[in-house]
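Engineer: No letters, just coordinates:
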């Protein structure tokens, strides 16, 4: 396994958070919305197909759905209908991921700036932000504010620029391989906390089973190559 480099979360200049599946467990909402979309428009869809899209740019997902669901809507129409459904579901209950709000609060109290980096659009992000203290995120990057979404590094590079830090100084928190690829390509160290889909090991990635119990003083045992699936948050 080689040598290790002990590093604390608060040794990073900033923490960059994914939203769907990381901060909030909205993937079941998206799956429900996609199933309902297929029923309304005479298409076919499965949970397995939904999970293939976890973490992806919404318009790219809309194109994929149009092709594979077999419905006659534009990608933009598909995204709009899905967003309407998911926003309505979030309005009934925000499904926070265990430990996420606690870690956010601890980072804020410790003076560590956080950014939200999500492929969801601003109109869906707004009700999530409204349920948090107003100063939780110092920067927000949404899918409708970038030209190239995850897995391209642009979203994470944009967040680092907004915070006036280098991406290499940031810890990103992600739940999907698509998001982890984006963050690592930008130069971030990626704390992978899988939920609905697996994340393979790779450069720049460390792993935890949950956000519960994590704090700014938590020590990351990061191997020099950051490339082994056995690396865990201690």
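Structural biologist: Alright, I've got the coordinates. Here the structure is a predicted model, which means the values were calculated and not measured. Residues are numbered from 1 along each chain as shown.
Engineer: where exactly do the strands run in this structure?
Structural biologist: In the chain, strands defined by DSSP state E lie at 4-8, 14-17, 114-117, 139-141, 170-174, 189-192, 205-207, 219-223, listed in chain order.
Engineer: Of these, which shows the lowest average pLDDT?
Structural biologist: Taking the average pLDDT of each of the strands of the chain, the minimum falls on strand 219-223, with a mean of 36.
Engineer: domains of this protein?
Structural biologist: Domain ranges of the chain: 4-25+96-223, 27-92, per automatic domain parsing.
Engineer: mean pLDDT for these: which is lowest?
Structural biologist: domain 4-25+96-223 (a mean of 89).
Engineer: that older thread, return the most buried member of the domains of the chain.
Structural biologist: Each of the domains of the chain was scored by mean neighbour count; the highest is domain 4-25+96-223, a mean of 20, by mean count of other Cβ atoms under 10 Å. No exception for glycine: its C-beta is placed from N, CA and C like everyone else's.
Engineer: Show me how far that domain is from its chain's centre.
Structural biologist: Put simply, domain 4-25+96-223 sits 7 Å off its chain's centre (Cα atoms, centre = their mean, to the nearest Å).
Engineer: max-length helix in the chain?
Structural biologist: helix 75-92 (DSSP state H).
Engineer: What is that helix packed up against?
Structural biologist: helix 27-41, helix 58-65, helix 122-130 (3 or more Cβ pairs under 8 Å, 6 or more residues apart in numbering; DSSP states H and E).
Engineer: Other residues contacting the shortest one?
Structural biologist: Residues lying outside helix 58-65 but in contact with it, judged by Cβ atoms under 8 Å, 6 or more residues apart in numbering, are 34, 37, 45, 52-53, 56, 71, 74-79, 82-83, 119-121, 143-144, 149.
Engineer: give me that answer again for 6 Å
Structural biologist: In this structure, residues lying in contact with helix 58-65 by Cβ atoms under 6 Å, 6 or more residues apart in numbering are 53, 75, 78, 79, 119, 143.
Engineer: Check the first one too.
Structural biologist: When contacts are defined by Cβ under 6 Å, 6+ apart, helix 27-41 is touched by residues 21, 45, 47, 50, 69, 71, 81, 82, 85, 86, 89, 196.
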